[in-house]
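Asker: For reference, the sequence and a predicted model appear below.
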Amino acid sequence: MTKKCIGCGSTLQSEITNKPGYIKKEKYKDSDYCERCFKIINYGECDIVNEIKNFNKIIDKINESDGTVVYLVDLLNITKEEIDYISKFKKNVIVLLTKKDVLPKSVKEKKLISYFKDNYFNKEDILCISSFKKYNIDKFLDLLYKKNIKKIFVVGFTNVGKSTFINSLVSAKNGKPVITTSAVPNTTSDFINIEIGNLTICDTPGFVSENSIYNFLKLKDVIKLMPKKEIKVKTYQIKPDESIIVDNILRIDHIGNKTNSFSFYMNNNLPFERIKIKTNEKLKMLPKKNIHIKGNEDVVINGLGFIKIVKETDIVVYTLDEKLISVRNKMI
Ligand SMILES: Nc1nc2c(ncn2[C@@H]2O[C@H](COP(=O)(O)OP(=O)(O)OP(=O)(O)O)[C@@H](O)[C@H]2O)c(=O)[nH]1
Ligand SMILES: [Mg+2]
């Protein structure tokens, strides 16, 4: 009989070391976890298992089953591509905006939800959550109860926090959380079914986008960039001939003609530097994009965070790849 890893859902196997589910032959009988999950749980590290997934197959499987889709979106990394995926599900969808704890406390849930509805997806059932702070976990369980929902599929792009959320649901019901969670892309590699009381929760492998920062940086550097605590917003009044450099991954040249306010929502530990455009060539070898800002917009750098710019102006953004850059109405 085949056995599954309780951490990532893959079928345990002792044949191919760099495929999901690998476990040494002698450990197969007594292990609940594959070697990769064991390394993540005990040492917080692992190699990325390269497995091209057929996401349409995953979506078809969910569409053919009974149950409600719970679609998770990381508040710090909302992308249009991600939102477009929601319409692939031909069933009821509840949207959860995750990792509320990394946004400043002053940002109200109501405001975030109406922003999301106005700009992305107008659905009734949207909640902000934080699995780390146990925020709205009970409210979500109440919602399921009120709607008489007995089975949910927790879906979304990789690293939005699906497995962490499921573990917090299990904990809220006094169960033992066992699913592996990590900043490694595709931590969950197959469907995992968990029963709590009369609710069945199905964890699913996250979708991976070609626009993801994982395609342009080493894993340890992506992890370094992820905000882990409440962001302390850095606001600069930038003159027309000035530029801001963030670590070795972002340069924004302000080429407008009036001083403007730039607020950076990013990991607190990142080093910032203000320079003169003309006399400093730093990071100019990176791919660049010229952007006209209409005012009250965010420039989003996928995987890094976003920059709110108050007044109309022109900027040049240098970063790892053009695909990471997008502009939207200001969120906050
Ligand atoms: N700040 C914060 N980080 C979180 C929260 N939930 C999850 N994370 C972090 O986000 C990363 C991804 O979490 P996972 O739960 O493994 O994400 P996933 O969506 O299951 O990812 P895949 O299995 O790869 O699809 C981990 O580093 C988590 O610690 C949260 O509520 N707040
Ligand atoms: Mg997962």
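Answerer: Great, that's in hand. Ligands and ions are numbered 1, 2, ... in the order given.

Asker: Contacts (any at all) between ligand 1 and stretch 93-109?
Answerer: Yes - Stretch 93-109 reaches ligand 1 (Cβ under 6 Å from any ligand atom) through Thr98, Lys99, Asp101, Val102. In this view, the C-beta of every residue, glycine as well, is placed from N, C-alpha and C.

Asker: and the residues you listed, which of them are in strands?
Answerer: Counting by DSSP state E, the part of the residues of stretch 93-109 next to ligand 1 found in strands is Thr98.

Asker: can I get the residues of stretch 93-109 next to ligand 1 in a markdown table with distance to Asp142 and pLDDT?
Answerer: Below are the residues of stretch 93-109 next to ligand 1 laid out as a markdown table (distance: Cβ to Cβ, whole Å; pLDDT from 0 to 100):
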| residue | distance to Asp142 | pLDDT |
| --- | --- | --- |
| Thr98 | 18 | 98 |
| Lys99 | 21 | 97 |
| Asp101 | 21 | 97 |
| Val102 | 24 | 97 |
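
Asker: Tell me the one among the residues of stretch 93-109 next to ligand 1 nearest to ligand 2.
Answerer: Thr98 (11.9 Å; Cβ to the ion).

Asker: Let me know how buried that closest one is, in neighbour terms.
Answerer: 25 (other Cβ atoms under 10 Å).

Asker: Contact partners for it?
Answerer: Leu72, Val73, Asp74, Leu75, Cys128, Ile129, Ser130, Ser131, Val160, Gly161, Phe165 (Cβ atoms under 8 Å, 6 or more residues apart in numbering).

Asker: what's the burial count for the closest residue to ligand 2 within the stretch 1-150 of the chain?
Answerer: Residue nearest to ligand 2 within the stretch 1-150 of the chain: Cys8 (7.5 Å; Cβ to the ion). Here the count is done by other Cβ under 10 Å, and Cys8 has 27 residues near it.

Asker: Would you mind giving the secondary structure of Thr164?
Answerer: Of the three states, Thr164 takes helix under DSSP: H, G, I helix; E, B strand; the rest coil.

Asker: State whether it and Lys133 are indeed in contact, as I suppose.
Answerer: No - contact status for Thr164 versus Lys133: not in contact, 11.6 Å apart, counting by Cβ atoms under 8 Å.

Asker: Looking at those two, which is more packed in?
Answerer: Per other Cβ under 10 Å, whichever of Thr164 and Lys133 has more neighbours is Thr164, with 20 against 13.

Asker: Can you tell me the element the nearest residue to Glu81 once chain neighbours are set aside falls in?
Answerer: Setting aside the residues directly before and after it, Glu81 is nearest to Ser209 in space (Cβ to Cβ, 6 or more residues apart in numbering), at 5.8 Å. Per DSSP states H and E, Ser209 falls between elements, in no helix or strand.

Asker: So the most centrally placed residue in the chain, which state does it fall into?
Answerer: By Cα atoms, centre = their mean, the chain has its centre lying nearest to Val160, at 3.3 Å. Secondary structure, three-state DSSP: Val160 is coil.

Asker: Identify the residues contacting it.
Answerer: Counting by Cβ under 8 Å, 6+ apart, the residues that Val160 touches are Leu72, Val73, Asp74, Asn77, Thr98, Gly206.

Asker: re the thing from before, I'd like to know which of the contacts of Thr98 are buried.
Answerer: Buried members of these, counted by 16 or more other Cβ atoms under 10 Å: Leu72, Val73, Asp74, Leu75, Cys128, Ile129, Ser130, Ser131, Val160, Gly161, Phe165.

Asker: Which ones among the residues you listed map onto strands?
Answerer: Leu72, Val73, Asp74, Cys128.

Asker: Wait, Val102 touches Asp74, no?
Answerer: No - contact between Val102 and Asp74 fails when scored by Cβ under 8 Å: they sit 9.0 Å apart.
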